[in-house]
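**Student:** Model the following, please.
(one chain, ligands or ions: 1)
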Amino acid sequence: MADFNGDQILTVGSQQFGFDSEVSVDVLRSLYLRPHYVTTSSDAEDPSEVKDHAHFLQGHQHSAYQSKSIYHAEDNTISYTTLSRFPPVRLLPPSARKRILVTGGAGFVGSHLVDRLMILGHEVHVLDNFFTGSKTTVSHWVGHPNFELIRHDVIEPFMIECDQIYHLACPASPPHYQFNAVKTIKTSFMGTLNMLGLAKRTKARFLITSTSEVYGDPEVHPQPEDYWGHVNPIGPRACYDEGKRVAETLTYGFHRQDGVDVRVARIFNTYGPRMNPADGRVVSNFILQALRGEDMTVYGDGNQTRSFQYIHDLVDGLILLMNSNETRPVNIGTAEEFTVLDFAKLVRDVVAKVQAEDGIKPPKKVEIVHKPMPIDDPQKRRPDTTRAKETLDWQPRWPVAAGVEEMVRYYAAKLVEGSI
Ligand SMILES: O=c1ccn([C@@H]2O[C@H](COP(=O)(O)OP(=O)(O)O[C@H]3OC[C@@H](O)[C@H](O)[C@H]3O)[C@@H](O)[C@H]2O)c(=O)[nH]1
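**Tutor:** Got it, this is the predicted structure:
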C-alpha cells in the first residue's frame, strides 16, 4: 500500500518524544487477517490447506502466530486450540515498560491500540463489557504474560495500578449509541468520572477519546479545536455528543482541580478491519453491501460530507498524543473529504477491483439507493489538523482508497470463512 506521497507503507508508528513506536504493518495484518478458523480436517496438518487465507499474510512469514483451530466439516464443529506462539513483543527494561489500562480495549479502535502497545512491549490491561466489543478482537493475546482481559463495565468503579489510561469505552456508532441513549450518556459521564478518579489516585496519565461529534452539525468548516460546536442538546445524537462534551468537561475539571495529567483526542470518522459488521456506520455498511451484491444505502441525497481516516493513522495519533506534552484537545482525522454519494461510488469501485483481482464473480451489479436522512445528521465534517501537525508532528498517511482496499480484503476473507 502506498501513502499520499506514493511511498510504500511498510511500518506504522514513529520515533518521537523519546518513544519508539514503530511496528511492521505485516505483523499487524497477521493479527487482524488471522482466520477465525482454518478449514482443514482433523487428521491432516497440511500447510497448503491454509492457502485460502495465506495471500492475505504477505508471504506467510507470520502464519506461525495463527490459532490452530480446526474446522470439522463432517459435523460442522470447530476445535479451538491456544496459539502455538504469540507474536514477538519488544523486550523493554522495567523503567520503560508501562502498565497501560485500555478501556474499551476489545472494540474496533481499542483492539488495534492494544496490538500496538503489546508489540511495543508494554503490560496491557483491557477493560470491556463486550456490548459492542468482542473477545475475538484480542483473543490472540489471551494467555500472554503481558496481557490481561477483564470483563467490566466502566460505569462501575475499578481499581488497578497503572501508569497510563486510554479511556475509549463507549458505543460509537449512531445505531449502537442510540439503542440505549440513557446507558450511553451514563457510560460517558460515569465511566469517565470513574476512570479520572482512578487516574487521580494512581497518578496515571489519562487520555480520553472524544469525538468530532462535539462539533455537532458545524457552522465552521473545517473544524478547528477552538470551535465550540453546534449541538442539539435534546436530539437523538445528544446522548453521544453531549456525553462526550461532558466527559471533556470532567477531564479538564480533574486537570485543573486535581492536577490530573490529561490528553484529549477528538476522533473523526475512522474505519478499518475489525469494525463490527453490524455497526451500521457508513464504511462497514457500504463495503458489506457491495461485497454481498446488495443495494448500497445512501441516506438523504448523499451530499453530506465526511473525511475518513484509516485505523493505523488514528492509532499513531493516539500514541503520539499520549506521549506528548499537549494537554489541549487535538483533532485526529484525515483532510480528504468526500460526499457520501461519491464515497459510495469509490467503495463500489474498490470492491469491483478486489473481486476482479481475486477472481471472484460479483453476485450482482450493485445499485445505489437512497434512504431517509437520519435526524440531526451533520451536513459536513472535515478536521482542521494544524494542531496535530504542529504539536505531534502527526499527519495521516493512508489514502482512503488504500485503506478501503485493506478493509474490503478483510471483510471478503471473513465472508468466505463464514464468520460474519
Ligand atoms: O448506510 C449508511 C450509513 C450512513 N450513511 C451516512 O454516512 C454518513 C456517516 O455516517 P456514520 O454513521 O458512518 O458516522 P457519523 O459521521 O454519522 O457519526 C460518526 O461520527 C464520528 C464518530 O465519533 C462516531 O463514531 C460516529 O458517530 C452520515 O451522513 C450517514 O447518514 C449512509 O449514507 N448510509
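**Student:** Tell me how many other residues crowd the residue nearest to Phe189 when sequence neighbours are not counted.
**Tutor:** Distance criterion C-beta to C-beta, 6 or more residues apart in numbering; nearest residue to Phe189, sequence neighbours excluded, is Val246 at 5.5 Å. Quick note: C-beta positions are derived from backbone N, CA and C, even for glycine. The number of residues packed near Val246 is 16, by other C-beta atoms under 10 Å.
**Student:** Then Ser14?
**Tutor:** Counted with other C-beta under 10 Å, Ser14 comes out at 16.
**Student:** that older thread, can you tell me which helix or strand the residue nearest to Phe189 belongs to?
**Tutor:** helix 238-258 (DSSP states H and E).
**Student:** hmm, back to that, quick one: the residue nearest to Phe189 from Leu91, how far?
**Tutor:** Using C-beta to C-beta, to the nearest Å, Val246 is found at 41 Å from Leu91.
**Student:** if I pick the residue nearest to Phe189, what's in contact with it?
**Tutor:** 185, 188-189, 192 (C-beta atoms under 8 Å, 6 or more residues apart in numbering).
**Student:** Quick check: the gap between it and the ligand.
**Tutor:** Between Val246 and the ligand the distance is 15 Å, computed by C-beta to the nearest ligand atom, to the nearest Å.
**Student:** Same question for Ala412.
**Tutor:** Distance from Ala412 to the ligand, counting by C-beta to the nearest ligand atom: 19 Å.
**Student:** Can I take it that that residue is in a helix?
**Tutor:** Yes: under DSSP: H, G, I helix; E, B strand; the rest coil, Ala412 falls within a helix.
**Student:** Heading C-terminal from the helix or strand containing Ala356, find the next helix or strand.
**Tutor:** Using DSSP H and E, Ala356 maps to helix 340-357. Per DSSP H and E, helix 340-357 leads on to strand 368-371 as the next helix or strand towards the C-terminus.
**Student:** For the stretch 1-150 of the chain, which segments are assigned as helices?
**Tutor:** Assigned by DSSP state H, counting those that start in this stretch, the stretch 1-150 of the chain shows helices spanning 25-32, 51-54, 108-119.
**Student:** Which stretch among these is buried most, on average?
**Tutor:** helix 108-119 (a mean of 25; mean count of other C-beta atoms under 10 Å).
**Student:** tell me the contacts of the closest residue to Phe4 other than its chain neighbours?
**Tutor:** Counting by C-beta to C-beta, 6+ apart, Phe4 lies nearest to Pro399, which is 5.7 Å off, once chain neighbours are set aside. If you count contacts by C-beta under 8 Å, 6+ apart, Pro399 has them with 2-4, 336.
**Student:** Could you dump those into a markdown table with neighbour count, distance to Glu390 and pLDDT added?
**Tutor:** Compiled in a markdown table, the contacts of Pro399 are given as follows (neighbours: other C-beta atoms under 10 Å; distance: C-beta to C-beta, whole Å; pLDDT from 0 to 100):
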| residue | neighbour count | distance to Glu390 | pLDDT |
| --- | --- | --- | --- |
| Ala2 | 13 | 26 | 93 |
| Asp3 | 15 | 20 | 93 |
| Phe4 | 13 | 18 | 92 |
| Glu336 | 16 | 20 | 95 |
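**Student:** Output those as CSV; include the columns distance to Gly235.
**Tutor:** Converted to CSV, these look like this (distance: C-beta to C-beta, whole Å):
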residue, distance to Gly235
Ala2, 41
Asp3, 38
Phe4, 36
Glu336, 28
